[in-house]
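> Structure for the following, please:
(chains A and B)
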Amino acid sequence: MPILLFKRTRALVAQIDEFLDTVGQAALLFESGVADYVGGRREQFDTHYRAIEDAEHGADELRRDIEKQLYRHSLIPEARGDVLGLLETTDDVVNQAKHTLGMFLVERPRLLPGMDEDWRALGSTATRTAEAVVLATRAFFRDPYTVNDHLHKVYFYEKEGDRQAMALKRKIFDADAELALQLHLRQFVVNVDRVSDAAEEVADRLAIYTIKRTV
Amino acid sequence: MLVLFFLSSGLFLGWSLGANDAANVFGTAVGSRMIRFATAALICSVFVVIGSVAGGAGAAGTLGQLGAIDAMGGAFMVAFAAAVTITVMTKLGLPVSTSQAVVGAIIGWNFFSGVLTDTAALSKIVATWIICPLLAGAFAALFYVLTQRLVRRLRPHLLWDDMATRWALIAVGAFGSYSLGANNIGNVMGVFVPVAPFSGLDLPFGLAFSGAQQLFLLGGLAIALGVYTYSRHVMGTVGGNLFKLTPQMALVVVLAQSVVLFLFASQELEHALLSVGLPAFPLVPVSSSQAVIGAVVGLGLLKGGHGIRYRVLVDIAAGWVTTPIIACLLAFVGLFVLQNVFSVQVNRPHAFELSPQVIERVDRLGMPVDGLAELAGGRYTTQLSLNRSLRGGTALDAKQRERVVRAAEVDRYLVDPERVAQDIKPGWFVPEQIAAVSSLTGREYRHGWQLLEELEALTPAWRLLPETPRNRLDNDRRQKQRRLILVALRTEPVEAPAPE
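I've put the predicted structure just below:
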């Protein structure tokens, strides 16, 4: 019996780690995908899009399995609701990343010249935000007293992302282009930045859950 | 069959203890769904029974000192009055402790039977009621700080932490159940120990199963029944509504409570402390509910004292007074009804005399004998009546009067070879003691101390050692042997006492 419980716990810990690895991986794929699109590398973009699709699918399955096991074996009864909420909002980061790359794939926006670096920077910042929130989530499971060390980075990158998005939107609307294109591109700026927002959502929850765990 | 009827009130008390107090041990774990009820009930039942049989003697002994109930009818009513008090107060939503109800009921029997209440034992018991929650609070705060430090150092994953907490809750729950059985069985069965007609059994490998242990086994089983039949609901209440504790806090609370109950129940710990010359904890049944509340308040104070319901503390203090008084009154009225309406014997007839031998013994014990000779002509049927006469006619203080009353008790002790063969067994006595008893075959005594004095003269094995902390252990054992020999050789009936 104890060996069984030991094995089950070890397996579940590994699954949670795998889930967070997948989220981190999806963030990196997002960064590469944005850079590929901006650089006009269609094939690589398609490959990265398929990879992020797989990652999103894998993260969903892992999340459902973890949730099922937490309920079935009534594990962490006090923190279960928090953990489930955390996993779901973390999964939203992957969903948003996939959704945004999907928009690039389907809508193929025509980027305006002279703004490539801004697009890449915006994608990178979103990825940094997601990476920082993955580290904070890992810390929540293993060492809640260090969660805040990661959370401040999430907030910093998210703010940076907002600033970059605003600057890019200004550039787009300052440029000599049709309003339809400008509005179309603005939509993409907002969606790239939404990855950061999704990460911030996780960070907000983490801040509260951490207080609950460490008080 | 009649014995079982009389024991029924004790079993009822045991059932109610199992139904209510098991929740103190496993309530938070079950209520917070860390442990399933079936697991908790099984562990609790097994360890309560083990604790009752293996470790119940210490705390039960102190209750015996408070009032040595000497008839089954009396023991029945004492346990019944305590059980009714607990049931009524629980229904009214008032805080109640089994220990306090039992102590009150015993004092009610003492009043009814004219028996002097042992003030030393009573003050020892009352002091522990106050110390117990304070100690539990201090332990809880200490354990919490240590647990937090350990967790911060080990940094376990949330799930490993969860698994470790579950196992720790099971282990601590088992320890808590053992302590509950060891400490509280005295409440359930303590009053029946001097009167229950169970004789000791010799088991293989030199083990002995005393009459008291057989009683404690029955009581332990009644507690286990209470756990299985009724504690589920109470556990849910304790775990879900009363205390909103994290599993780690729950663990700390149960551990603190268990340690406190263990400290006040463990003869082994007492022996260990005394053998190295340290003061030991008195072995007294304490309230597990109050230990739990003390532990929770201790944690609350550690966290800054916010959210503590100070009203609960006032209620506890009120419970120290109201519970014993209600139980005492109920026992008194119940004993009166039982004796006068149902003609059930609730105490043994006693006789006291201040014969020249008694006065000489009082003199030998170094107490003033002025005025005793004037009282010598009277015959007394209760300790209280003799005590009253002594208070009016002598200069003895309360403690001295208590000793004179005990010396004046008349009984008939016959060193009957048959009873010596049957009751004086090698498992309970050393060979020198048995040889001394055998050498007095056929002799008769009017006072217990006369028999003991003769035995002391025959072998040092019957003598008490000088009162030092190191000797307390040996003296406790010898006191028990001296009580046993008196019970074994006392013959019934005592000559009917003449009216005063």
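> What segments of the stretch 201-350 of chain B are helices?
B:211-237, B:247-263, B:267-275, B:288-302, B:310-340 (DSSP state H, counting those that start in this stretch).
> how far out from the middle of the chain is the longest one?
The gap between where helix B:310-340 is centred and where its chain is centred comes out at 17 Å by C-alpha atoms, centre = their mean, to the nearest Å.
> That one packs against which elements?
Counting contacts by 3 or more C-beta pairs under 8 Å, 6 or more residues apart in numbering or on different chains; DSSP states H and E, helix B:310-340 is packed against helix B:72-91, helix B:98-113, helix B:119-154, helix B:288-302. C-beta: built from backbone N, CA, C; applies to glycine.
> so what's A:Asp118 up against?
A:Gln164, A:Ala167, A:Leu168, A:Lys171 (C-beta atoms under 8 Å, 6 or more residues apart in numbering or on different chains).
> measure the nearest residue to B:Thr119 once chain neighbours are set aside to chain A for me?
Nearest non-adjacent residue to B:Thr119, counting by C-beta to C-beta, 6 or more residues apart in numbering or on different chains: B:Ala398, 7.2 Å away. To chain A, B:Ala398 is 54 Å away according to C-beta to the nearest C-beta, to the nearest Å.
> circling back to that earlier point, pick the one among the contacts of A:Asp118 closest to chain B.
Of all the contacts of A:Asp118, A:Gln164 has the smallest distance to chain B: 34.7 Å, by C-beta to the nearest C-beta.
> Could you report the separation of the nearest residue to the closest one once chain neighbours are set aside from B:Val362?
Spatially, and ignoring its direct neighbours in sequence, A:Gln164 is nearest to A:Leu122 (4.8 Å; C-beta to C-beta, 6+ apart). To B:Val362, A:Leu122 is 102 Å away according to C-beta to C-beta, to the nearest Å.
> hang on, isn't B:Ala68 packed against B:Val193?
No. Assessed by C-beta atoms under 8 Å, B:Ala68 is found out of contact with B:Val193, at 9.2 Å.
> Between those two, which is the more surrounded one?
For B:Ala68 and B:Val193, the more surrounded residue by other C-beta atoms under 10 Å in any protein chain shown is B:Val193, and the numbers stand at 24 against 18.
> tell me, which helix in chain A spans the most residues?
helix A:2-39 (DSSP state H).
> isn't B:His447 right up against B:Val362?
No. Assessed by C-beta under 8 Å, B:His447 is found out of contact with B:Val362, at 11.8 Å.
> Report the contact partners of the residue nearest to A:Gln164.
A:Val34, A:Gly161, A:Gln164, A:Ala165, A:Leu168, A:Val189, A:Val192, A:Asp193.
> of all the residues you listed, which comes closest to chain B?
Out of the contacts of A:Leu122, the member with the shortest distance to chain B (by C-beta to the nearest C-beta) is A:Gly161, at 29.3 Å.
> ok, the spatially most central residue of chain A to A:Glu107 distance?
The residue lying closest to the centre of chain A (C-alpha atoms, centre = their mean) is A:Val93, at 3.1 Å. Using C-beta to C-beta, we find A:Val93 at a distance of 21 Å from A:Glu107.
> Likewise for A:His152?
Distance from A:His152 to A:Glu107, by C-beta to C-beta: 35 Å.
> Alongside chain B, which residues does chain A contribute?
Within chain A, the positions lying close to chain B (C-beta under 8 Å from any C-beta of the partner chain) are A:2, A:5-6, A:9, A:12-13, A:16, A:74-79, A:83, A:140-143, A:145, A:215.
> ok, then the element right after the longest helix of chain A?
helix A:42-72 (DSSP states H and E).
> Could you check the angle that next one makes with helix A:2-39?
150 degrees (axes from the mean of the first three to the mean of the last three C-alpha atoms, to 10 degrees).
> what separates helix A:42-72 from the chain centre, distance-wise?
12 Å.
> Output the contacting helices and strands for it.
Helix A:42-72 packs on helix A:2-39, helix A:80-107, going by 3+ C-beta pairs under 8 Å, 6+ apart.
> so where's the stretch 151-300 of chain B shaky on pLDDT?
Where the stretch 151-300 of chain B drops to pLDDT under 70, the residues are B:196-197, B:199-208, B:234, B:236-244.
> for chain A, what are the nearby residues on it?
Checking the stretch 151-300 of chain B against chain A by C-beta under 8 Å from any C-beta, the hits are B:Arg152, B:Arg155, B:Pro156, B:His157, B:Leu158, B:Leu159, B:Trp160, B:Asp162, B:Met163, B:Trp167, B:Thr246, B:Pro247.
> quick one: which of those is nearest B:Ser45?
B:Trp167 (19.2 Å; C-beta to C-beta).
> element containing that closest one?
Assigned by DSSP H and E, B:Trp167 falls in helix B:158-189.
> buried ones in that helix?
B:158-166, B:168-170, B:172-189 (16 or more other C-beta atoms under 10 Å in any protein chain shown).
> Ignoring the adjacent residues along the chain, who's closest to B:Gln400?
Using C-beta to C-beta, 6+ apart, the nearest residue to B:Gln400 is B:Met367, at 4.9 Å.
> Model confidence for that neighbour, exactly?
Model confidence at B:Met367, given as pLDDT, is 89.
> same check, this time on the one 3 residues further on
According to the model's per-residue confidence, B:Asp370 sits at a pLDDT of 86.
> Also B:Leu116?
pLDDT, read off for B:Leu116, is 84.
> same thing with B:Leu4?
Value listed for B:Leu4 in the pLDDT field: 78.
> And for A:Arg63?
96.
> State the number of residues packed around it.
A:Arg63 has 21 nearby residues by other C-beta under 10 Å.
> so it touches A:Gly85, yeah?
No. Taking C-beta under 8 Å as the definition, A:Arg63 is not a contact partner of A:Gly85, at 11.4 Å.
> Thank you, goodbye.
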